[in-house]
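# Sequence first, predicted coordinates after that:
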Amino acid sequence: MSRWKALQYYIYARLLLAPLMLWAIVTLVFLLLRATPGDPADAILGSRAPLEAKEALRMRLGLNMPLWLQYTYYLGDLLKFNLGSSLISEKTTVGQIIGQHFPATAELAFFSLLIAVVVGVGLGVLTATHPRTTLDVGGRLFSIITYALPIFWVGMLFQLIFSVQLNWFPLGTRFPLSQSPPQTLTGIYTLDSLLSGNLGQCLTSFYYLTLPSLTLGLLLSGIFERMVRVNLQTTLQADYVEAAKARGISPSEILWVHAFKNALIPVITLLGLTFASLLGGAVLTEVTFSWPGLGNRLYEAISLRDYPTVQGILIFFGVIVVIASLLIDVINALIDPRIRY
């Protein structure tokens, strides 16, 4: 069987597994939400509301039905791409909530991932080329510390230092309340301001984006630093690298042309796994910095026991992670001939 034919079968298999993964995510989210303590009727009406009013609300929302029947109706709605409506504001659908808040999360996630890759890969190359030195030890400590530190704690620490003490960056939010935000085209302020030709709004958007994206990006960069350092050190000791040295090829060419590309293959795989961590970290970062993204809206929905909103946002995140993992697997299979299908 040719490699291209085998690759096609591999892609088909991954595409068939994707719906099963999504079904597992949907089922798990549905069951876990129902298993958590608390009553949505209490969250909406208050604990002191009459029992008759609470029971009428549960009946209107379908919460009094058996669990299996709720699950059946919910799966039917999902097949129609209907995520339901918010329990807090029934006139607002979950799809509208996602469309309104996701651009802010996407903007934060993109720049955080950019910082994580640039810092992590740069430090990884630097430490890998200076083994058993103070720089190498510092890189190892950096990866351990950034992996262990809680995101919300680092966010509050950065706010205390850079916002309160030094007054370099704003405490939170996405854009000054005293100014009009960029004209909504995509919902991503930095892109919208560039498309409308307003450089001032673009710089302001970057200014408000810097501290939260730096917080999330630095804490994720340690994963890339460790992965690049370990793989690059292993690659630099490979036989083909020794052969390149024997042929008189310059050290810089050996590093960037021969070793670096092979060391990046596991990093590409890591991108898909990091994406899930990025979305999880975005929730804590958005809450800490009052960033009006989907993670912050998810936190509010959890606090208010808004089942449809929580389910819809988590399933939306799940779809993104599944698609990202599928794309990373396919890209990795295309560039690495050692993979067997």
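Noted; the coordinates are in hand.
# Quick check, residue 286 in contact with residue 300.
No: the criterion here is CB atoms under 8 Å, and residue 286 misses it with residue 300 at 10.5 Å. For the C-beta atoms, the positions are set from N, CA and C on the backbone; glycine is no exception.
# Grab the nearest non-local neighbour of residue 210.
residue 169 (6.0 Å; CB to CB, 6 or more residues apart in numbering).
# does the one you found sit in a helix, a strand or a coil?
Under DSSP: H, G, I helix; E, B strand; the rest coil, residue 169 falls in the coil class.
# how near is it to residue 60?
Going from residue 169 to residue 60 by CB to CB, to the nearest Å gives 46 Å.
# now do residue 145
Per CB to CB, residue 145 is found 51 Å from residue 60.
# Next secondary structure after the lowest-mean-pLDDT helix or strand in the chain?
The helix or strand of the chain with the poorest confidence is helix 40-45; it has a mean of 70 (mean pLDDT, DSSP states H and E). The helix or strand immediately downstream of helix 40-45 is helix 51-61, counting by DSSP states H and E.
# and the longest helix along the chain, what's its mean pLDDT?
Looking across the chain with DSSP state H, the single longest helix is helix 199-236. Here helix 199-236 scores 87 as its mean pLDDT.
# now swap in stretch 254-266 and tell me
Throughout stretch 254-266, pLDDT has a mean value of 72.
# If you count neighbours, what's buried in that stretch?
Buried positions in stretch 254-266, judged by neighbour count with 16 or more other CB atoms under 10 Å: 254-255, 258-260, 262-265.
# Using PDB, list the CA coordinates for it.
This file holds the C-alpha atoms of stretch 254-266, laid out as PDB (Å, rounded to 0.1, in the frame of the first residue of the first chain):
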ATOM      1  CA  ILE A 254      23.600  21.900  11.200                       C
ATOM      2  CA  LEU A 255      21.400  23.400  13.900                       C
ATOM      3  CA  TRP A 256      18.800  25.200  11.800                       C
ATOM      4  CA  VAL A 257      18.800  23.100   8.600                       C
ATOM      5  CA  HIS A 258      19.300  19.600   9.900                       C
ATOM      6  CA  ALA A 259      18.400  19.400  13.600                       C
ATOM      7  CA  PHE A 260      15.900  22.100  14.200                       C
ATOM      8  CA  LYS A 261      13.300  20.900  11.700                       C
ATOM      9  CA  ASN A 262      13.300  17.300  13.100                       C
ATOM     10  CA  ALA A 263      13.100  18.600  16.700                       C
ATOM     11  CA  LEU A 264      10.000  20.600  15.800                       C
ATOM     12  CA  ILE A 265       7.900  17.600  14.900                       C
ATOM     13  CA  PRO A 266       6.900  16.700  18.500                       C
END
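# gap between it and the chain center?
26 Å (CA atoms, centre = their mean, to the nearest Å).
# Go ahead and name everything in contact with it.
For stretch 254-266, contacts defined as CB atoms under 8 Å, 6 or more residues apart in numbering pick out 121, 125, 128-129, 227-228, 231-232, 234-236, 238, 240-241, 244-245, 249, 332, 335-336.
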